[in-house]
Every structure is written in C-alpha cells, then in structure tokens.
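Enquirer: quick one, fold the following:
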Amino acid sequence: MQRSVIRWPGLMVFVGIIVLLTAFSWLFLDNLLRWGMERTLGRLNGAEVNIAKVEHHWVPLGLKVSGVQITDPAQPLQNRLVVGELEANIEADQLLLGRVVIDQMTAAGIRIAQPRQSEGEVYAPVSEQASDLAGAGWEQLNATLPSVEEIVAKVGLQTDTVVSEAKQKLEAQKTAFNEAKQALPSKEKIQQYQEKIKAITSGKISGAEDLAKRKQALDDLKAEIKQDKQAVKTFKEEVGNSKDLLQQQLAAVKNAPGNDIDRIKQFFNLDGSGLGNITGLLFGDQAQQWSQYVLLAYEQVAPMMARSGNDDSVKPVRGEGQWISFVDEDAKPEFLIKKAKTEIQLGATTVDVDWQNITHQHQLLGQPTTYQARADNNGLWDSFNLNGEIALTDMGFDSRQQWQLRGAQLQQLTLSQSDKLSAVISSARLNSDGDVNVRNSELGGSAGMRFSDMVMQADGSSQLTKTIAGALQKLERLDIRTKLSGNLTNPSLQLQSDLDQQLGQLMSGALSAQSEGKLADIKAKLSEQIAPVVGDYQGVLDTIGGSEETADNLDQQLEELLKAKVEDNLKDLLKGKLFGN
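Expert: Numbers count the residues shown, from 1 in each chain. From the prediction side, this is the model:
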C-alpha cells in the first residue's frame, strides 16, 4: 500500500492552528488591539484614552478605529481631542521588524476641547497653567469714577500759589517804583532851576570876571540839572520794566483759573494704567480659546511626541516589562506615518489638514513633520491658510507655524458675562496674521487681530463700568497684538491693543461733559479769588501809566532848561553886552 504524500495528522494540526488563529483574530484581536492602543496612546498623552471600537483587516494590513476620546491632562473632565473615525494601512514587512510604518492615514470627525461624560485618569503630572489671561477680573477695577472734588484734591489747584506770588511781586515792584519816584525832581526844584537861570542870565555884567563867574555858575547848575535828568531817565526805565513785569504777572493771575480747569480736564484723560488692561479683561478668555486653534498642531501632536521620546514621563507598572529599542543612527524610525489627512470640525465647518512624516525620531528620518491646512469661502471666513513644521531634537522642539485669516464673520461673540460688565460683539469682521516659532521647546511669536465693522452691546452695573459700556458701544474698529511666549506645554499670551486708548478718549469726553457744571462753579470761585489782586495790579498799572506821562514832562522841561533857556539865551545876552548890541 502506497503511503500518502499528505500527512493528515500534521495537516489537521496546521488547520487547527489556522482555525484557532482565525477564531482568536475574530474574537479577541480587535479587543487586544483596542486595549493596547488605549494604553500606548494614554502613555503618550499623559492621561486616559478611550476607544469605542477597533477593527482590523489583513489584506491589506490595516486598522479602523472609531470613537477615540483623548483626555486633556490639564482638564480631566474635558477631552483634548475627539476622533470620530480613523483608518490606517500598515506596512507588514516593517511590522515584522518591530517598526510601525503607516503609508496613509485618514481621520475624520475631529473635534477639539469636548466635554467628557466622566473624569479621565491622569498618568503624568501637569505643570501649573499660566494665570488667567483676563487677570483678576473686573472686580479689581475701581468701582466708581473719581468725583470732581477728588480730582481737585489730587490735581492741587495752582491759583492760590499764583495769587500769593503775584502779591509778593506787586509789593516788590511798588517798592522799587516808589524809590525811583522819590529821586525825581519836584515842581519846586524845577521852579528853582528856572529862577537861578533867570538870575544868571539877567542883570548887568560888570566885566570879564563877572562873566567868568556867571559862566561857572551856569556850568554848576547845568551839572545839577543833568543829574536830575539822569534820575528821570532811570525812573522811566524802572517804570517800563515794572510795567512789563506787572502785565506779565497780571496775565498769569487772570489765566490761573482757566489753567486749573484745564489741568482738571487733563486728569479726565484716562490712559491704560488708569483703566487697567481692558483688552485683557475683555478678550483674555476668547484669546485663550482661539489659541487652541492657533496652536493646534503643537497642543495635540507635540505633547505626544515629547512623551514618546521620554520613557521617564510615566513610571512603568511594577511587575511589567518594558520595550527596549536598540536603534542604529542610520535606521528607520520605529514609528512613522508617511501621509495623513485629518478633518477637523470647527463648528459647522470642516478644515482639512494634510500631514507628512509624523514621527518622534526626526533625527533618523532627516525631515520634520509638516502640515498644511486651507479652507476658503465657507460660512465662517473668506479664506484661511495654515502651514508649519515640527521636529523633535535632542534639545527639544524646533518648529514654526504661520497663518493668515481673512474675513472671519463674528456673530454674538460673548466677551464678558461678569456682574460688573456684560459685553457681546453682535457682529464684526476679523482679519488675522501671525507666526509662531519654537526653539528648544520655548515659544516665541506674535499675532495680529484686526476687527472692523464692529457692533457691540454692553452694559455695566457701576458708574465706571456703565461708562466703559457706553464707550464700548461706540467702537467700530479694534486692533489687537498678541505676543506668544513661555514653554511649549505652558504657553503664555499677552494682549495689547488701542482699546484702552480709544476707551480713554471716549470716557474722557463723557466725564468732562458730566462735570461741566461743577467745573464752571470752580472756575467762578477761582475768578472771585483773583479779583482783588487783579484790581490791585490794575491800580498800580494805572499809576505807572500816569507816572510815565509825568516823567516825560519832567524830561522835556529839563531838556529845555539845559539847551534853550540856559545856554543859548545866555550866550546871546553876553554877546550883546560885549559888542554893544
């Protein structure tokens, strides 16, 4: 009897093994894969990961994963990501070598920051988050606006000082004026000059000796008259100086009440330091939410990459083994997704993001992980472009990201729901440009947000917040600059804008209008205060004006005594006597 080529017992064993493997695959492999993926992704994420369903297929080798929930380690009651469905094709030959290389992966139904039904377990410690972008809140703003009386006390009125200085200067000028006036020749002295000249120039000249005596007497009298003429000149100069100084001081006294009112009004010019950081208070929470989109790639992929390269991030469970990898410098990465396409849901809009070379071993691949997103002409905006790259190095993360957003339509955007102030942007258009760079895991970059066609509804509960609310409702545009800094896992946003300046100008006008009545009363009281001083000054100036006329008359009389009545007439008389005319 010829023996069969087929060894039936062996074949039966082989078939049995295949049946068992098939049954195992059918019954248990999907659950084992789901369990393994939950643990692996959880280790990378630093917090619990839940997967609803995993399905595998052999030809081609691949997986289909549904209902992925990735817990946010910083907020265990919230998911960092929710993935509706994920499919990936795996290279079988690389899997046999211990490497997971995925040619193509697609993920749909991705949502960010979604609530969980129950709190997720956190495996890795989370660093303290940055302080609230909105600061300590509206409660730290002054509850009331300063009254006019409080502002007057802070400003310190200068009218009192001006009046006091004016009185002192007036007394000093009066003293100098009186001293100069006392040096003027009196009417009696002028009359004496006239009589002496008449005596010298009249009468009979007896001879040459008498002529010489008369000439000497005339010269002596002339010298005395010149001294008085110099006194008149000095007086006129003093009068001119006093007049100028008194007029300047009088103008300062008259302007003092108005200057004080202007200084009070200037105090109403509120600036950023006086108002507080209104930009941060209004837009802080919203900016934090927008940062989740701006830093999308960093926040979702970077922490997992970091932990995949750090075995110490989560301590292994005691009694369980660890996977130890021996990788040559020229080897391929242990984990690599060559191409991926993710569909991220932002409200009712889907944003497609194309990825290439997702791995945690960029030094082996020699290329960074790159991503690009574009979505135009949808219900949220006119155009949106985002691109960037990420690379994990020995020093940390090196990456860059740029974006451009045009024509975003904002509707009913709540900025503040505080008891102090409620503010809602009813409608506005938003344009934004920015870039983010990471060097050695440290963030740097800036972003600009330009709001136009703004319609805002606001209401306040205190005098201050009511005034702020009224000013907010008048805003039509707003420019905000955002500065990004801090560590990759704990970013910090600083907001700066012209909002505080715009509010300051609007509020200053409102405060000034509210205070016009009180300011008018203050100015009236100050005007009453300066009235006596103004009267004194005006009286002295009138006296000085009259003295100027007197000095001019004296100067003219002395000039006539020196030139015409004394010298010329005397010479004519002497000539007549000498020549017998």
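Enquirer: helix or strand for residue 43, which one?
Expert: helix 30-45 (DSSP states H and E).
Enquirer: distance from that helix to the middle of the chain?
Expert: With Cα atoms, centre = their mean, to the nearest Å as the basis, helix 30-45 stands 47 Å off its chain's centre.
Enquirer: next, the buried residues of the one helix or strand residue 195 maps to.
Expert: Using DSSP H and E, residue 195 sits within helix 187-201. By 16 or more other Cβ atoms under 10 Å, the buried positions in helix 187-201 come out as 190, 193, 196-197, 200-201. To be clear about C-beta, it is placed using only N, CA and C from the backbone, and glycine gets the same treatment.
Enquirer: ok, of those, which one's closest to residue 251?
Expert: residue 190 (37.0 Å; Cβ to Cβ).
Enquirer: so that closest one touches residue 554, yeah?
Expert: Yes - using Cβ atoms under 8 Å, residue 190 makes contact with residue 554 at a distance of 7.4 Å.
Enquirer: circling back to that earlier point, which SSE is immediately downstream of the helix holding residue 43?
Expert: Remark: after helix 30-45, the chain's next helix or strand is strand 49-57, criterion DSSP H and E.
Enquirer: mind checking how far residue 84 is from residue 33?
Expert: 18 Å (Cβ to Cβ, to the nearest Å).
Enquirer: which SSE is residue 422 in?
Expert: strand 421-439.
Enquirer: in terms of secondary structure, what does the helix holding residue 195 contact?
Expert: Counting contacts by 3 or more Cβ pairs under 8 Å, 6 or more residues apart in numbering; DSSP states H and E, helix 187-201 packs against helix 208-267, helix 499-560, helix 569-579.
Enquirer: distance between the longest one and the chain's centre?
Expert: Going back to what we said before, that points to helix 499-560. Helix 499-560 sits 40 Å away from the centroid of its parent chain (Cα atoms, centre = their mean).
Enquirer: cool, and stretch 38-58?
Expert: Worked out by Cα atoms, centre = their mean, stretch 38-58 lies 45 Å from the chain centre.
Enquirer: buried stuff in that stretch?
Expert: Under the neighbour-count criterion of 16+ other Cβ under 10 Å, stretch 38-58 has 38, 41-51, 54 buried.
Enquirer: just the closest of the residues you listed to residue 465, please.
Expert: Taking Cβ to Cβ as the measure, residue 465 lies nearest residue 47 of the buried residues of stretch 38-58, at 39.3 Å.
Enquirer: what sits against the closest one?
Expert: Neighbouring residues of residue 47 by Cβ atoms under 8 Å, 6 or more residues apart in numbering: 70-73, 76, 80, 120-124.
Enquirer: format these as JSON lines; extra columns: neighbour count, pLDDT and distance to residue 180.
Expert: Output for those, formatted as JSON lines (neighbours: other Cβ atoms under 10 Å; pLDDT from 0 to 100; distance: Cβ to Cβ, whole Å):
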{"residue": "70", "neighbour count": "23", "pLDDT": "91", "distance to residue 180": "96"}
{"residue": "71", "neighbour count": "25", "pLDDT": "91", "distance to residue 180": "95"}
{"residue": "72", "neighbour count": "22", "pLDDT": "88", "distance to residue 180": "90"}
{"residue": "73", "neighbour count": "21", "pLDDT": "87", "distance to residue 180": "91"}
{"residue": "76", "neighbour count": "17", "pLDDT": "91", "distance to residue 180": "93"}
{"residue": "80", "neighbour count": "24", "pLDDT": "85", "distance to residue 180": "92"}
{"residue": "120", "neighbour count": "24", "pLDDT": "90", "distance to residue 180": "97"}
{"residue": "121", "neighbour count": "12", "pLDDT": "90", "distance to residue 180": "99"}
{"residue": "122", "neighbour count": "18", "pLDDT": "90", "distance to residue 180": "94"}
{"residue": "123", "neighbour count": "20", "pLDDT": "84", "distance to residue 180": "97"}
{"residue": "124", "neighbour count": "18", "pLDDT": "71", "distance to residue 180": "93"}
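Enquirer: tell me which of the residues you listed fall in strands.
Expert: 70-72, 76, 80 (DSSP state E).
Enquirer: and residue 543, how far from residue 181?
Expert: Counting by Cβ to Cβ, the gap from residue 543 to residue 181 is 10 Å.
Enquirer: where does pLDDT dip in the stretch 101-250 of the chain?
Expert: The model of the stretch 101-250 of the chain has pLDDT under 70 over residues 125-155, 183, 201-208, 210-211.
Enquirer: the same query, at a cut-off of 80, please.
Expert: 124-157, 173-174, 176-246 (pLDDT under 80).
Enquirer: relative to helix 30-45, how tilted is the one helix or strand residue 341 maps to?
Expert: In the assignment (DSSP H and E), residue 341 maps to strand 335-346. Note on geometry: by axes from the mean of the first three to the mean of the last three Cα atoms, to 10 degrees, strand 335-346 and helix 30-45 are set 80 degrees apart in direction.
Enquirer: parallel or antiparallel, list what pairs with the next helix or strand after strand 335-346.
Expert: Elements were assigned by DSSP H and E; along the chain past strand 335-346, the next helix or strand is strand 349-358. Using DSSP bridges, strand 349-358 pairs in its sheet with strand 335-346 (antiparallel), strand 369-376 (antiparallel).
Enquirer: reformat those strands as TSV; add mean pLDDT and mean neighbour count.
Expert: As requested, these are exported to TSV (pLDDT from 0 to 100; neighbours: other Cβ atoms under 10 Å):
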stretch	mean pLDDT	mean neighbour count
strand 335-346	87	18
strand 369-376	86	17
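Enquirer: now distance to residue 474 too, for these, in JSON lines please.
Expert: As requested, the strands paired with strand 349-358 are exported to JSON lines (distance: least, Cβ to Cβ, whole Å):
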{"stretch": "strand 335-346", "distance to residue 474": "31"}
{"stretch": "strand 369-376", "distance to residue 474": "34"}
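Enquirer: any idea which of the ones you listed gets closest to residue 220?
Expert: strand 369-376 (110.2 Å).
Enquirer: so for whatever helix or strand comes next after the closest one, mean pLDDT?
Expert: Using DSSP H and E, the helix or strand that follows strand 369-376 in sequence is strand 383-393. For strand 383-393, mean pLDDT is 87.
Enquirer: partner strands of strand 383-393, parallel or antiparallel?
Expert: Within its sheet, strand 383-393 is paired with strand 369-376 (antiparallel), strand 396-417 (antiparallel), according to DSSP bridges.
Enquirer: make a markdown table from the ones you listed and add distance to residue 454 to it.
Expert: Listed next are the strands paired with strand 383-393 as a markdown table, based on distance: least, Cβ to Cβ, whole Å:
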| stretch | distance to residue 454 |
| --- | --- |
| strand 369-376 | 24 |
| strand 396-417 | 9 |
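Enquirer: tell me what angle the helix holding residue 195 forms with helix 208-267.
Expert: Angle of helix 187-201 versus helix 208-267, following the same axes, to 10 degrees, is 150 degrees.
Enquirer: for residue 80, which non-adjacent residue is spatially closest?
Expert: residue 72 (4.1 Å; Cβ to Cβ, 6 or more residues apart in numbering).
Enquirer: most centrally placed residue in the protein?
Expert: When Cα atoms, centre = their mean is applied to the chain, the residue found nearest the centroid is residue 496 (4.0 Å).
Enquirer: ok, what's across the strand from the nearest residue to residue 42 once chain neighbours are set aside?
Expert: Excluding the flanking residues, the one nearest residue 42 by Cβ to Cβ, 6+ apart is residue 49, at 4.4 Å. Here residue 49 sits in beta bridges with residue 70, going by DSSP bridges.
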